[in-house]
Each structure stands twice: as C-alpha cells, then as structure tokens.
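In: Generate coordinates for the sequence data below:
(3 chains)
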Amino acid sequence: MADLALDGAPKERSTIEKVWGKVVGISRRSPTSIIGFVIILFFGFLALLAPLLMPYDPIAANPNLILSGPSAAHWFGTDGNGMDVFSRVIFGSRFAFGIAIPVVIIALSIGIPIGLYSGYKGGNIDEAIMRVVDAFRVFPSIILALAVVAAAGPSLLNVVLVIGILDAPIFVRVVRAEVLALRSSSFVESGLIVGNPTWRILFVHLLPNAIQGAMAQTAVRAAWAVRISATLAFLGIGIQPPTPEWGAMIRQGAEFMVNGQWWVGIFPGVALILMVLGFNMFGDGLQDLLDPKRRSGGK
Amino acid sequence: MLMRRLVLAIPLLIGILFFTFMLIRLGGQDPVGLLAGPTATTEEIEIVRAELGLDKPLFTQFWLFLGDVVQGDIGKSWISNRSVTLDILERIPITLELLLWGVALGSVIGVPVGLRAAFRHDKWFDHISRGISLLGFSIPTYFLALLLLFVFFFLLGWSPPGMGRISLLISPPPTVTGSYLIDGLLAGDLEVARSAVAQLILPIIAVAIISAAPIVKHTRAIALEIISSDFVRFARASGLPSEKVSRIVLKNSSTPVTTFIGTELTGLVGSVSLIEFVFAWGGVGQYGLNAIIRGDFAAVQGYVLFLALFSLVVFIIVDLLVLVLEPRAVAE
Amino acid sequence: MSLLQVRDLHTHFISRNLDNEIRIAKALNGVSFEVSRGEVLGLVGETGAGKSLTAYSVMDLLKPPAKVVGGTVEFDGRNLRDLEAEDMNKLRGSEIAMVVQNPRSSLDPLTRVGEQLIRVHTAHTDTSESAARARAIEKLGAVGIPAPEQRMRAWPHELSGGMAQRVLIAMALMNEPKLIIADEPTTGLDVTVQAQILDLLRELVVTHNVAAMVITHDLGIVAHYCNRMAVMFAGRIVETGDVETVFDNPSHPYTRTLIASTPERLKEGKQKVLGGGAPPNLYNLPPGCHYVERCRFADESCNKPLSLDQVGDGHFAMCTRLDAVREGWPS
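Out: Reported below is the predicted structural model:
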C-alpha cells in the first residue's frame, strides 16, 4: 500500500545507515553518553596497548633525571625517582580498569541476589536488610572504605574486595525497588500458580526485568570505584608507590606541586579526572536511556 | 516524627559502634604493641593488655566500651596522648566552620543553577550546567584542593600557603568559639581575622565546588518533577503569569531541596576530611583520617561516633526545618 | 453562533527514536466540534482517544513532543491559534476556565485555598486584594461550600476530593468565564459526590450562561448531564449530535458498542455487544476509518477517506456503512 509508506512506516535501510542512525539517534537523545563512551574507549585502548605505547619502563628509575620537566624525551617529565611520568600515566589506566571492573562485578553479584530476595520476601527480613543499607548510605563511603582497608591491610585485592562490598548496597536498593514494582504483576503471579520454586521466580522471572535499573548504575559505580581506589592510594592506604597507580602518583606529586614541579602530580590527576568523567558521562546517559522514569516527554 | 527518628537512631548508633569495634579488634594491627612501644617486654605488654581490658572476651569488651561511651569516655589517643573526647570536641568547630561556609557557598551557587537548568530543560543552559556538574562529580576532592593551591598559591601568589588556619607568624586569638575568624573579631584583632579569612578562602571554595555538583543535579531533578506536577499544570491552565508559576515551583522545591542539602551535609564530612588533609586544617576530619592511617583505634572510634552523631543532629535539624516549611508536616 | 468552534484540529507527537528515525504519533486527526453558551457538550470516548489532548490543544497547553499541526480554534470570534502566547495566557483562567481531574493534587499544596482563589482573580484583573477576597468567599459559597470564610484559610491537604473539586469550580468561576472545560471532573470521587459536582456544573451553566465541555469516558454522565455529545475514537469525532438523538438513534458502530455496554443497558438484560480490542496504533493508522479493525461491518469502502456526514437534524456520523450498521445491529 502506497499510503502506508507516507504514513512514516520504517523504510528499508542498509546496515551502515542503521548503525549510523543509531549513533546519531543516541547522541541526539543523550550527547553525554557518546562523549563518555569515547573517553572510556580511549582509556581502554591505552590500557590494552600500554606496552606498545609506553616509551619507558614505568618503574625504571633514572637517578640522573630526577624531577626534570616535560621535554621531547619525557613528554610528561620525570618524577622524584626519575621515572617517566608519561609511561606511568599510561600504565595507570590498567589499574583503573583492573579495579573498576571487578569492583562492579563484585557489587553486582552481592547486590542483585540480596535485592531480589529482600524485595520479593518483604517483611522483617526486608526491613532488616534495608536498615543496614540505610546505615551504609548515612555514612561517608570514603571513610568507611578507608577504615576497612586500613584494618584489613593494604593490598590491591583488599582494596577491590572492600570497595566492591561497600558498593553492593546501591544495587540492593535499585533491584529491590524494581522488584517491589514487579512483584504484584501478573507474570509473577502466574509463575507462582504454575508452582515454580522461589529461586526460579527470582532469577528467571524477576531478574531479567529488574536488572535494567542495576545496569543503568554500573558505569556510575565504576566511576566511583576508580575515584575511591585512587583516594585510598593518595592517602597511603592501598596501593603503594612507586606502583604506577594514579592516586599514588598524585600523592608523590603533591609535595612537589607547590614547589613548581607540577607535572609529577598534574598529569596523573588529569588522567584520573578524565577517566572518571568518562564513566560518569556514560553512566548519566545510560540512566537516561535505560530508566524510563528519567525520560521526559508526554503531555 | 522526631521521637521516632531518635528511637531508630539508637540501634543504628550501637550497630555502628559495634561494627568499628569489631573491625579494629579483628583487624591486622595490635593496639597493645603500639601503646606499649617497641621496647616493651612480654610481661609489660601483658600488663598493658590487662589494663586496657583486652584480655577479656570480645563481647564483654564491647559491653564495657559501650558503658564508657555513654559516660563520654571514648578512650585515649596514642598519637596525642589525650582523651579522644576532648580532642574531638575542640576540633568540631574547626571542621564545622569549613563545612558550613563551604556548603553555604555551594548551595548559593548550586540551587539557582539547578533551578535554572530545570526551567531551561533540554536547552543549552541545561546541557552545559549538567556537563559542569558531572565534572564536579568527577574531580577527586584532594586533587581539586591541590590544584587550587597550585594555581592560587604557587602560580598567582594570591593565597597564603595551605598550612593551617592562620598564618604561622600570627598568634591565634583566645579561644571562644574555636573559629579563628569569629574569635579574632570578638577579640577585636583585625589582623587575626584577616589572616583567618585568607586561609579559609581556598578550602571553602574546594568544599563549595564539591558540594555544588550534587546540589545542581538534585535541585534540577526536584524542580523538574514539580514543574510536571498536577498543580503546576493547573496553574498554567489558570493563566497565571509565568513569574507566578515559577514562584510556585520555587516554593514547592524548598522542602525537598533543604532535605537534600541536609543529607548531603552528612556525606560531605568524608570529602571535607580530605580537604582538611591537604590544607593541614586540623579539624575532626584530618584527625580522623590520621587516626585511621596510623591505627589510633580510640581516635578512630571517636571519629566514627562523631560522624554518626553529626548525621543524627543534621537530620533532626532538617526535620525541624521541614516542620516550618510544610503545612502538611505540621498536620501529621 | 457557537462560542467555540473547533475545525479539523490535528495534533501530532513528533519525536525521534534511538535509530534517529522521525516517529509521528497522530493523536488528533481532524477533530471538529462546537459548543454554545448555555449548553453542556459531552466529549466521550475510551482512554487514548484524544479527549484530554483535545482540551489541551484548544487551551494551547501542549508540551513537546506534542504539537498542533493543523486546524482552527475559533473562540468568541477570534482564532486562538493566531494569538500571541501572552494573550493566550490572559485568556486561560479568565475567558476559558478549566476544571481538571485529581483536584487535590491540582491545588498548590503550600498555599491556602483562599490565596489560590485570589491569585487567579488578581492575575487577570486589576481588582484590589480585598475585593478579590470578598469575591472568593462569594464563589466558595456559590459552589456550596459551607462556612466559606473559614475555608479560605484551609490548606489543600485538609480538603476531601469532592471539596477540592468544588474549590476548583469556584476558582473557575472567579473570572466569570465564557467557557468551562471539565476534564474528567468526577473521576475518583464517590458516586454521590459525583452527582453533586455534576449537578452543580449543570446548574452553573444555566445560571451563569456559560458554555461547558465535559470530558468523560462515562456515557452515563453524558446521558444525565449533557445537552449534546461528541464521540471520539482514535483522534477523531466519529459521531456528534443532541444527546437524545444519539442515544435514540446511534449511527456509528462504535457509538452503538459504547451504548450497548453501559451498565444500565447491560442491566436491562440486553445482549452484551462489546466490540473490544486495542486502540489502533497511532504511528500507523489505517487510511480510512480508524475503527475498521474492530468493526464487524467493515468492508472495502472503509479504506477510503471519509467525513462527518449528516444523518439527521444536527446529527453527524463518520461512517460509510451506515445502512449496513442500521440493518445488521441486533436490537
């Protein structure tokens, strides 16, 4: 029917047109998410190709070249040990991803089951779980992370574990809220009537529907993980210098900054900001795209 | 509602104390070794252990500790060798001075920007302010503080070095409130007050920037929700001029925004600690961070207790404010 | 001469999806109707038919992505679509007043009832505060609120739903409007309160000589309180006429289905003839009649463009199969 085409029915598009259309469509709805994605991609590229991109060994000290400013040989200068800051900044991206990804996976794998169970069961169990989650929310997360890592002993594994566990309550809350909204819906009831066991209803029926809200949070949580792990390193708890981690590098650079040797601290700081910003922008856009409540429109 | 809040707070407080207590006892470091010193003999260590009651079972220890806390005795800091309660009490005004000025400035900037972004929804102002607030979310607190020092102290020379709350060349005023600025003014010593202000400016700006980002984001979200509410739609349908409609939006945003700033205040104590750390500010935050880093257990516990009590006080103040702002709350 | 004449009104929701394709939901597709002073027009139809959207289009209160893309709205000799935004705003709440559903949430929760009434009046006139106050008390009395002076100081959360709706009606009367648009004014209210509110509206139309348009999905309300009715389906008026005429001689199959499925008819033991089914996809409407997928009289001719045709005295219907419907309907 010729009329239908005029009525705005989807025309046939080639694959390239479709992909490009998607890119333009998403960036029109949420330009930040695309910028964020490009930044993450950039750092992912740095992390993957670090050995090829680094001009020097990131922990090779050159005692003849301590605190020399940016130059053709050392783009970002050298630090107090005579290590090449440029190479160290590039290598630092590996730590950022190496912490962010497992942290989010740990937080998800703790938060989602608890959130599902809490929201589905309700009653006293739910009440108790929510009290604990609230307590976490009241408390400044950085202090909590610091205290626990300090007590557990500063190692990369402890940092990842602690941050991951501390981040789980966020996902508990998100998933629980989604489950509460879904619990009374017909597909859950029909699942019960058919006689499905609880775990089946939780993971087969509720999870796929409740997971969107959790997914929308992942990028923002990754940003938080990168930020807080760097903070721990900056305070000297967690990853120790001369490991080329950005927070530890800023700690090294802090004392030189007010003396004029700014490059030691500024470059890793800028890298840290950029990467966190990338995750935050992507996450902000993700929330817009995945969370219908945040979408505007209608009358 | 207030009573309910207080009653609910007690198990929360005990829970937090228990958590930190266990964390410290089960953590890797042994407080006795630190207290007795590296040259102590095994017998001496055992004596210190018994003195501290650390030879008793954990739950008994916690019970005794709880009894002490109720009486205001949190223990002794091995860094300062003084009562933790005293240490913290005298540092509270120092931190509050920074926190309150900073959040006040952050709100003065953040609330109008958030409101304007909501009124200009999906326009340029909205997108740009959103981008800037995301940047604010992404800057690590301590790095921002370092950056401010680098630019305003080292490069421009406008600011004094970030070493404490008053120039090292000036002797502090007699303590009345604990704030050098206020005490200096009270003592009529303008030089002290001027130096205190000069030291305050950069850390306050740092707190303001860190606090403004979430304030912008949430004010915008709150105002957007009110703009799409039934009563604003009806006000438009009644042909009220747009200034009047805006005023309705502002008035109805005030309670949720106030509540948000209150809750944010409690979370910001953590970031402020980092700012204190960089500026050698010497408040509770820096005290707590040092305690955690160096394993000063009594001080850590005092700091954690302070954080919990502080958020409780803030929530009570917010509740009271809501009571003033909201006719509905009075009715309940 | 009618007070409000809406001709061929088209409102679309225009957006882009994530594939960057322009998507157009044709929510109103040539809506035409009129209302005169002293009469109540009932605009009736199922959810999503575009009833409220019609009201908001007339009032120029649409927000993107909704947009009026065609047609004229003539009110008291002016085409409202040509008015400047500011002039249109002066008209709202004064010459055209709205009574909405959810009265309790439509009142500003932080302002006393009296202040809200006064605010609407002083926004449109140069009256003094005290004169406006006296007027507000008078109007609260007129809508049957006991002890109006005391009620002036009430907060919206202290009012019941019915009371709040009376306040909204009093607010509508503050500026002596020519037209009152009531959008589902009694949804969510008790049945007895419903009757009181509608009686009041009906009475005010006569005493104040205003025109009223009541938007509802309840044919019972139309039968009891309206003079004329317009039946909406998928963004079009499919049948319009005097209430008695349409009820006695429903011509469009959709109108017939609606009438047949009112509780009263069902109680009378008449056969339940529900032509149920989903509303048509507004992104992809059929070329001719929109009801075609749910209509059991549909044939080839239904795919041709069609218009509101006269079927009786002041009675119009949009259907090419009128004869078949008349013969084929079980009585």
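In: what distance separates stretch A:273-292 from the centre of its chain?
Out: Stretch A:273-292 has its C-alpha centroid displaced from the chain centroid by 9 Å (CA atoms, centre = their mean, to the nearest Å).
In: what do you get for stretch B:138-155?
Out: With CA atoms, centre = their mean as the basis, stretch B:138-155 stands 19 Å off its chain's centre.
In: Skip the chain neighbours and tell me the closest residue to residue 114.
Out: Went with chain A since none was named. Excluding the flanking residues, the one nearest A:Ile114 by CB to CB, 6 or more residues apart in numbering or on different chains is A:Val172, at 4.9 Å. Yep, even glycine has a C-beta here, placed from its N, CA and C like the rest.
In: my bad, chain B
Out: In space, and not counting its chain neighbours, B:Gly114 is closest to B:Thr219: 2.7 Å by CB to CB, 6+ apart.
In: which residues touch the one you found?
Out: By CB atoms under 8 Å, 6 or more residues apart in numbering or on different chains, the contact set of B:Thr219 is B:110-111, B:113-115, B:118, B:253, B:257, B:260.
In: low pLDDT regions in the chain?
Out: You didn't pick a chain, so chain A it is. For chain A, the stretches flagged by pLDDT under 70 are A:1-13, A:186-189, A:192, A:291-299.
In: let's do chain C instead
Out: The model of chain C has pLDDT under 70 over residues C:1, C:263-277, C:330-331.
In: same thing but 50
Out: C:269-274 (pLDDT under 50).
In: so the residue nearest the centre of it bridges to which residues?
Out: A centroid search over chain C (CA atoms, centre = their mean) returns C:Ile215, at 2.8 Å, as the residue closest to the centre. Note on C:Ile215: beta-bridge partners by DSSP bridges are C:Leu43, C:Asp183.
In: residues near the residue of the stretch 101-250 of chain C found nearest chain A, how many?
Out: Nearest residue of the stretch 101-250 of chain C to chain A, counting by CB to the nearest CB: C:Asp183, 11.6 Å away. Other residues lying near C:Asp183 total 22 when counted by other CB atoms under 10 Å in any protein chain shown.
In: Show me what from the stretch 51-200 of chain C comes close to chain A.
Out: Neighbours of chain A within the stretch 51-200 of chain C, by CB under 8 Å from any CB of the partner chain: C:52-53, C:56, C:62-66.
In: Go again with 7 Å.
Out: C:53, C:56, C:62-63, C:65-66 (CB under 7 Å from any CB of the partner chain).
In: got the contact list for the residue nearest to the centre of chain C?
Out: C:43, C:51-52, C:55, C:182-184 (CB atoms under 7 Å, 6 or more residues apart in numbering or on different chains).
In: and what of A:Ile16?
Out: If you count contacts by CB under 7 Å, 6+ apart, then A:Ile16 has nothing around it.
In: so how far is A:Arg29 from it?
Out: 20 Å (CB to CB, to the nearest Å).
In: likewise C:Ser307?
Out: Computed as CB to CB, the C:Ser307 to A:Arg29 distance reads 39 Å.
In: Between these two, point out the one with more neighbours.
Out: A count of neighbours by other CB under 10 Å puts A:Arg29 above the other of C:Ser307 and A:Arg29, at 18 against 9.
In: In space, what's closest to residue 207 - neighbours in sequence excluded?
Out: Using chain A. Leaving aside its sequence neighbours, A:Leu207 sits nearest to A:Leu116 (CB to CB, 6+ apart; 6.4 Å).
In: that's the wrong chain, I wanted chain B
Out: Excluding the flanking residues, the one nearest B:Val207 by CB to CB, 6+ apart is B:Gly102, at 2.4 Å.
In: Check which residues of the helix or strand hosting that neighbour are buried.
Out: According to DSSP states H and E, B:Gly102 maps onto helix B:84-119. For helix B:84-119, the neighbour count (16 or more other CB atoms under 10 Å in any protein chain shown) marks B:84-85, B:87-88, B:90-91, B:93-99, B:101-103, B:105-107, B:109-111, B:113-119 as buried.
In: show me the contacts for C:Ala172.
Out: Each residue near C:Ala172 by CB under 7 Å, 6+ apart is listed here: C:97-99, C:180.
In: Same question for B:Ile16.
Out: For B:Ile16, the contact set (CB under 7 Å, 6+ apart) comprises A:135, B:304, B:308.
In: can you do 8 Å?
Out: Neighbour list for B:Ile16: A:135, A:139, B:304-305, B:308 [criterion: CB under 8 Å, 6+ apart].
In: Just the buried residues of stretch B:127-144, please?
Out: So stretch B:127-144, judged by 16+ other CB under 10 Å, has buried residues B:129-131, B:133-144.
In: before we move on, what about stretch C:87-105?
Out: Of all the residues in stretch C:87-105, those buried under the rule 16+ other CB under 10 Å are C:88-89, C:91-105.
In: before we move on, what about stretch A:65-78?
Out: Judged by neighbour count using 16+ other CB under 10 Å, the buried positions of stretch A:65-78 are A:65, A:67-68, A:74, A:76-78.
In: Kindly report the same for stretch C:224-234.
Out: So, applying 16+ other CB under 10 Å, buried residues of stretch C:224-234: C:225-234.
In: Can you lay out the residues you listed as JSON lines showing secondary structure and distance to chain B?
Out: Formatted as JSON lines, these follow (DSSP: H, G, I helix; E, B strand; the rest coil; distance: CB to the nearest CB, whole Å):
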{"residue": "C:Tyr225", "secondary structure": "helix", "distance to chain B": "22"}
{"residue": "C:Cys226", "secondary structure": "coil", "distance to chain B": "22"}
{"residue": "C:Asn227", "secondary structure": "coil", "distance to chain B": "24"}
{"residue": "C:Arg228", "secondary structure": "strand", "distance to chain B": "23"}
{"residue": "C:Met229", "secondary structure": "strand", "distance to chain B": "23"}
{"residue": "C:Ala230", "secondary structure": "strand", "distance to chain B": "21"}
{"residue": "C:Val231", "secondary structure": "strand", "distance to chain B": "25"}
{"residue": "C:Met232", "secondary structure": "strand", "distance to chain B": "20"}
{"residue": "C:Phe233", "secondary structure": "strand", "distance to chain B": "25"}
{"residue": "C:Ala234", "secondary structure": "coil", "distance to chain B": "24"}
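In: near chain B too, which of the contacts of C:Ala172?
Out: Among these, proximity to chain B is found for C:97-98 (CB under 8 Å from any CB).
In: Next step: the contacts of C:Ala172 restricted to strands.
Out: Of the positions in the contacts of C:Ala172, C:97-99, C:180 sit in strands, assigned by DSSP state E.
In: Go through the residues of the stretch 201-332 of chain B and report the one nearest to chain A.
Out: In the stretch 201-332 of chain B, the residue that lies nearest chain A is B:Gly270 (2.7 Å; CB to the nearest CB).
In: swap in the stretch 201-331 of chain C?
Out: The stretch 201-331 of chain C approaches chain A most closely through C:Pro287 (4.5 Å), counting by CB to the nearest CB.
In: re the thing from before, now the element after the helix or strand harbouring the residue nearest to A:Leu207, going C-ward?
Out: Assigned by DSSP H and E, A:Leu116 belongs to helix A:85-121. The helix or strand immediately downstream of helix A:85-121 is helix A:123-138, counting by DSSP H and E.
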